[in-house]
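A.B. asks: Fold the stuff below for me.
(2 chains, ligands or ions: 2)
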Amino acid sequence: MENIQIETDLKSSLESLYTERNISLFGSDSSYVAGLRKKAFDKFRKLGFPHARLEKWRGTDLSKTLATEFEFAMNAPAAEIDIESIFRCEVPHFETFLVAQLNGWYVFKHNPLTTLSNGIIVGSLAVAFKKYPELISRHYGKFSENAGEGLTALNTAFAQDGIFIYVPDNVTVPDTIQMVNIVDSDRNLMLQTRNLVILGNNSHLRLVQCDDSINHKITFINSVSEIYIGRDSTLDHYKLQNKDENSTLINTIYFHQESGSTLSSNSISLNGGIIRNSSVVELSGENSTANIYGVYLMDKDQHVDSQVFIDHQVPRCQSSELFKGILDDHASGVFNGHVIVRRDAQQTNASQTNKNILLTDKATIDTRPFLEIYADDVKCSHGATVGQLDNDAMFYIRSRGISESNARILLMYAFAAEVVNKIEIPELRQRIDDMVKKRLRGELSYCDQCVLHCSSEEKKVSFKIDLSKI
Amino acid sequence: MLSIKNLSAAINGKEILKGVNLEVKAGEVHAIMGPNGTGKSTLAYVIAGRQGYEVTGGEILFNGRNLAELSTEERACEGIFLGFQYPVEIPGVSITNFLRTAINEQRKYRGLDPIPAKEFLKSMEEKKKMLELQDKLANRSVNEGFSGGEKKKNEIFQMAMLEPKLSILDETDSGLDIDALRIVATGVNKLRRQDNATIVITHYQRLLEYIVPDVVHVLFDGHIVKSGGKELALKLEEKGYEWIKGQM
Ligand SMILES: Nc1ncnc2c1ncn2[C@@H]1O[C@H](COP(=O)(O)OP(=O)(O)O)[C@@H](O)[C@H]1O
Ligand SMILES: [Mg+2]
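C.D. replies: Ligands and ions are numbered 1, 2, ... in the order given. I've put the predicted structure just below:
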C-alpha cells in the first residue's frame, strides 16, 4: 500500500496532503461529499488539533502523539483480503455478523457491500458513498459537523472508508454485528476511520465495536461514527478497547435519537496508551432514552478520557450515565459528563454517576459531572466519587480466610461488575467478565486480544477463586 | 487452644491493652464483659490480626502457633473466626460467592480440594434453616442494606458455614430483639463441640442466659481484672462496674 511520509508538523503535512492530492484522492466524490469535505477541511485548518486550553481537552494531552511522524494509509489495500486469515473471533458461542476494517479500509472477500434478505445493507462506506447517494446525503455529516471539534472536521476532510450499516424500518437484525478495527503496519500510522449506521423506525440492532492493533508501532486513530436511531428503535452498543500502549485512540460517536427510541452504549476500556471515548447524544424525539455506561481499568502510564454530551432537546426523555474506573500506577483518567436540558425539554429525567478507585497516590482522575438545565420541571442528579479500596472491607474479607490479593480482586471486580452486568448479550458479558478478571489479576495484556488470533496462545482463564456467581 | 500471655497492644501509639492473660481450652465458652471503651473489641481485632493494632508486648499462641507470624487470612485458615461488632457492607459480592470463596481458600490452605457444589449448597440450606434466615438473603450482597439484626445473624451464618475452631463473637447480642437473640444463641449452642471454643464479648448479662459460659472475665481499662464462673456475670449485672472498681 502506498503511504505518504511526513517530515514535520502534522497539521501542515495534512494540509499539503489535502491540497496536493485532492484530485487523485477525492476526485470521484459526489458533490454532496465533496462539499462536506471542503467545509470540514477549512474548519480543521481554522481549529487545528485540540490542545489543553480547550475546556473539553483540559485533561488529555495529545502533544506527544502530535509530535510523532505518521504515515497515512490513503489508498486501499491492493488485493482482496480473507478476513479469516487475519483474525478469528475468540468469544465462544458468540454468533456475530463480522465486519472488519484494516488500517481504516473495509475488508471483504467477495462483496464490499452486501444486501441481506431483510433489506439490511452492510459493507464499505466508500462503496455506499457511490451506491446510495440518497441515504448518504440524508445522514452523512448531519450531526457531526455542528460539533465544533477539530478532530471531527479533520476526519470528515480525509475520511475515505469505514463501515456502513443500514437497517430498514421494522427489522430486528438477528445477529449481533461486530465491527472490528484492526491496525497492522510496520510504520507509524494515523488513520481517519469513519462509520455510518442508520437504523430505521421500529428496528433493533446490536452492535459491538472492537478496537485492536496487531503491531507495536505508534498508531493514532481518529475514529468518527455517526449513528442515526429512528422512531421506536433500539440500539444496544458496545465498545471494547484493548490496545497497546503505543496507541492513541480517539473514538467519537454522534448518536441521533428519534422519538421513542432507546440507546444503550457501554464502553469497556482495558488497555491503551491514550483512549478518549466521546459520546454525543442528541435526544430529538420525545420519550427516548439514552443510557451511556463505561468501565475503565488502567495502569502504568495509560490514560483514559470519557466524554459524554447529552442534549435533551424535547420533553419526556431520559438519560443516565454510569462510569466506573480503577486506576493503578501512574494511570490517569478524565470524566466529563455534560447534560444539557433545553428550555422545552420538560419532564426530563437525567442522572450522571462517576465512581473511581485510585490504587496508588500517583494515579489521578479528573471528574466533572455537569448539568446545564434550562427547563423547570426536571429530575436530575449527579455524583462523583474518588476513593481507595475500603480498608474495613479488606479486613473483613481477609478475616474469612481470603488472601489479600484475592480480597483486592474481589473488591475491584465487585466495583466493576455494576457496569459489566449491564451487558445484555450473555456470551459477550461472560467474555468481558473473564477479561476483566484477567485484567485485575494482571494476566491480560494488549496482545491478549479480544478478537484477534494473536501470536501468543490464549491462556485459559482459571481462577483460584470462583467469581462467576458474584 | 488459645493462650494469651501478658499481651499489650496499642492503636496509633495509644496503649489500649495493658497485659492481658487468657487461657481458653477446647470445648469451653468464655465470656468477656466490661464497660464501653475498655478494649474488648481491640482484643478481638488483635487476635484476628487487624492492621494498625500493634502488639507491644506479650504473645498469643493458638494451638501452639505464635499468631504474630500469621497474616489475618492465615489465622482464619487456622480456624479463628471473628464475628464483628459492626459487620462491613460489601456491595457487589453475594453472600453465596463470598462464602464459597472463603471456604475454598481455607480448604486450599489445608490441602483440600474445593468444596463440591452440592455439598456447599446442602450446607447452606441447613445453616439457613438453623438460623431461620430468609431464602433470598444468600443472593444479596454481603451486609448491604441489612438491618442490624440481619447483619448479626449473617455473622453467625458465616461462622456456621466456616466451622471455625475458635469463634470470637463481638457484641453479637447488641441490636438484637429477643427472638433474634434466641435464634442466634441456639445457633451458637448447636455449633458447640468438644473440639471448638467460643469467646463471647458482651456488656449485658442477657445473652449469657442463653449461651452459658464456663468462665466469665471482666476487662477493665486494658486489664482482665476479675475472672470467675457464670455467677460473676450476674453479680456484675446486679452491682455494676463500680463494684469492680472498688474491688481493684
Ligand atoms: N482506631 C482507633 N484509634 C484510636 N483509638 C481507638 C481506635 N479504636 C478504638 N480506640 C480506642 O480504644 C479504646 C478501646 O476501644 P474498644 O476496644 O473498641 O472498646 P470496647 O470494645 O471495649 O468498647 C477506646 O478508648 C477507643 O476510643
Ligand atoms: Mg467493642
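
A.B. asks: got the residues of chain B near ligand 2?
C.D. replies: Taking C-beta under 5 Å from the ion as the contact definition, chain B meets ligand 2 at B:40-41, B:85. C-betas here are computed from N, CA, C, even on glycine.

A.B. asks: For the residues you listed, which single residue is the most surrounded?
C.D. replies: B:Lys40 (24 neighbours; other C-beta atoms under 10 Å in any protein chain shown).

A.B. asks: What does the pLDDT read for it?
C.D. replies: With respect to pLDDT, B:Lys40 has a value of 95.

A.B. asks: For it, give me phi and psi.
C.D. replies: phi -70, psi -50 (degrees, to the nearest 10).

A.B. asks: List just the nearest of the residues of chain B next to ligand 2 to ligand 2.
C.D. replies: For ligand 2, the nearest member of these is B:Ser41. The distance, counting by C-beta to the ion, is 3.1 Å.

A.B. asks: List just the nearest of the residues of chain B next to ligand 2 to A:Pro168.
C.D. replies: The shortest approach to A:Pro168 among the residues of chain B next to ligand 2 belongs to B:Gln85, at 63.7 Å (C-beta to C-beta).

A.B. asks: element containing the closest one?
C.D. replies: Assigned by DSSP states H and E, B:Gln85 falls within no helix or strand.

A.B. asks: Was I right to think it contacts B:Leu169?
C.D. replies: No. Counting by C-beta atoms under 8 Å, B:Gln85 does not reach B:Leu169; the two are 9.2 Å apart.

A.B. asks: Need the overlap of contacts for the two.
C.D. replies: Common contacts of B:Gln85 and B:Leu169 (C-beta atoms under 8 Å, 6 or more residues apart in numbering or on different chains): B:Ile201.

A.B. asks: re earlier: filter the residues of chain B next to ligand 2 to keep only those in contact with ligand 1.
C.D. replies: Among the residues of chain B next to ligand 2, the residues within reach of ligand 1 (C-beta under 6 Å from any ligand atom) are B:40-41.

A.B. asks: need the residues of chain B next to ligand 2 in a markdown table with distance to B:Gly145, can you?
C.D. replies: Supplementary listing: the residues of chain B next to ligand 2 in a markdown table, determined by distance: C-beta to C-beta, whole Å:
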| residue | distance to B:Gly145 |
| --- | --- |
| B:Lys40 | 28 |
| B:Ser41 | 24 |
| B:Gln85 | 19 |
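
A.B. asks: Return the member of the residues of chain B next to ligand 2 nearest to A:Gly27.
C.D. replies: Distances from the residues of chain B next to ligand 2 to A:Gly27 were compared by C-beta to C-beta; the smallest belongs to B:Gln85, at 78.3 Å.

A.B. asks: so where is the stretch 301-450 of chain A shaky, pLDDT-wise?
C.D. replies: Low-confidence segments of the stretch 301-450 of chain A (pLDDT under 70): A:444-450.

A.B. asks: Just list the residues touching the one residue in it that gets nearest to chain B, thanks.
C.D. replies: Here the stretch 301-450 of chain A gets closest to chain B at one residue, A:Ala414, 3.0 Å apart by C-beta to the nearest C-beta. Residues counted as contacts of A:Ala414 (C-beta under 8 Å, 6+ apart) are A:470, B:90-93, B:141.

A.B. asks: I'd like the secondary structure assignment at A:Phe143, please.
C.D. replies: Local secondary structure at A:Phe143 is given as coil here, using DSSP: H, G, I helix; E, B strand; the rest coil.

A.B. asks: wait, it sits on A:Thr252?
C.D. replies: No. The pair A:Phe143 and A:Thr252 does not pass the contact test of C-beta under 8 Å, sitting 11.1 Å apart.

A.B. asks: can you tell me which residues contact the residue nearest to A:Ser63 when sequence neighbours are not counted?
C.D. replies: With C-beta to C-beta, 6 or more residues apart in numbering or on different chains as the criterion, A:Ser63 has its nearest non-adjacent residue at 7.8 Å, and that residue is A:His51. Going by C-beta under 8 Å, 6+ apart, A:His51 touches A:57, A:62-63.

A.B. asks: Secondary structure element holding the residue lying closest to A:Ser403 once chain neighbours are set aside?
C.D. replies: Computed as C-beta to C-beta, 6+ apart, the closest residue to A:Ser403 that is not its neighbour in sequence is B:Glu73, at 5.2 Å. Element membership for B:Glu73 (DSSP H and E) is helix B:72-78.

A.B. asks: residues making contact with that helix?
C.D. replies: Under C-beta under 8 Å, 6+ apart, the answer for helix B:72-78 is A:395, A:398-404, A:407, B:47-51, B:62-63, B:65, B:67, B:70, B:102, B:105-106, B:109-110, B:162, B:164-165.

A.B. asks: what's the offset of it from the middle of its chain?
C.D. replies: Shown here is helix B:72-78, whose average C-alpha point lies 14 Å from the average C-alpha point of the whole chain (C-alpha atoms, centre = their mean, to the nearest Å).

A.B. asks: Ok, stretch A:20-28 next?
C.D. replies: 29 Å.

A.B. asks: Which of the three states applies to the residue of the stretch 51-200 of chain A found nearest ligand 1?
C.D. replies: The minimum distance from the stretch 51-200 of chain A to ligand 1, using C-beta to the nearest ligand atom, falls at A:Gly59 (36.1 Å). Secondary structure for A:Gly59, judged by three-state DSSP, is coil.

A.B. asks: what's the neighbour count on B:Lys14?
C.D. replies: 8.

A.B. asks: and what of the one 3 residues further on?
C.D. replies: The local packing of B:Leu17 (other C-beta under 10 Å) involves 28 other residues.

A.B. asks: Walking through the stretch 51-200 of chain A, point out its helices one by one.
C.D. replies: Chain-ordered helices for the stretch 51-200 of chain A, with DSSP state H, counting those that start in this stretch as the definition, fall at A:63-66, A:83-86, A:125-131, A:133-139, A:150-158.

A.B. asks: now chain B
C.D. replies: For chain B, the helices defined by DSSP state H occupy B:40-48, B:72-78, B:95-109, B:117-130, B:148-162, B:178-191, B:231-239, B:241-247.

A.B. asks: follow-up on the earlier one: so how far is chain B from the residue nearest to A:Ser63?
C.D. replies: With the distance defined as C-beta to the nearest C-beta, to the nearest Å, A:His51 ends up 39 Å from chain B.

A.B. asks: pLDDT value on that residue, please?
C.D. replies: Looking at A:His51, its pLDDT reads 89.

A.B. asks: contacting residues around the residue of chain B found nearest chain A?
C.D. replies: Distances from chain B to chain A, computed as C-beta to the nearest C-beta, single out B:Gly92 as the nearest residue at 3.0 Å. When contacts are counted by C-beta under 8 Å, 6+ apart, B:Gly92 is found next to A:413-415, A:417-418, A:470, B:141.

A.B. asks: Export these as a markdown table, with columns for secondary structure.
C.D. replies: Converted to a markdown table, the contacts of B:Gly92 look like this (three-state DSSP):
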| residue | secondary structure |
| --- | --- |
| A:Tyr413 | helix |
| A:Ala414 | helix |
| A:Phe415 | helix |
| A:Ala417 | helix |
| A:Glu418 | helix |
| A:Ile470 | coil |
| B:Ser141 | strand |
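
A.B. asks: on that earlier part again, ok, A:Phe143 and A:Thr252, which is more surrounded?
C.D. replies: Counting neighbours by other C-beta under 10 Å for A:Phe143 and for A:Thr252 shows that A:Thr252 has the greater number, 21 against 18.

A.B. asks: nearest residue to A:Arg58 other than its sequence neighbours?
C.D. replies: With C-beta to C-beta, 6+ apart, the residue lying closest to A:Arg58 is A:Ala52, at 5.8 Å.
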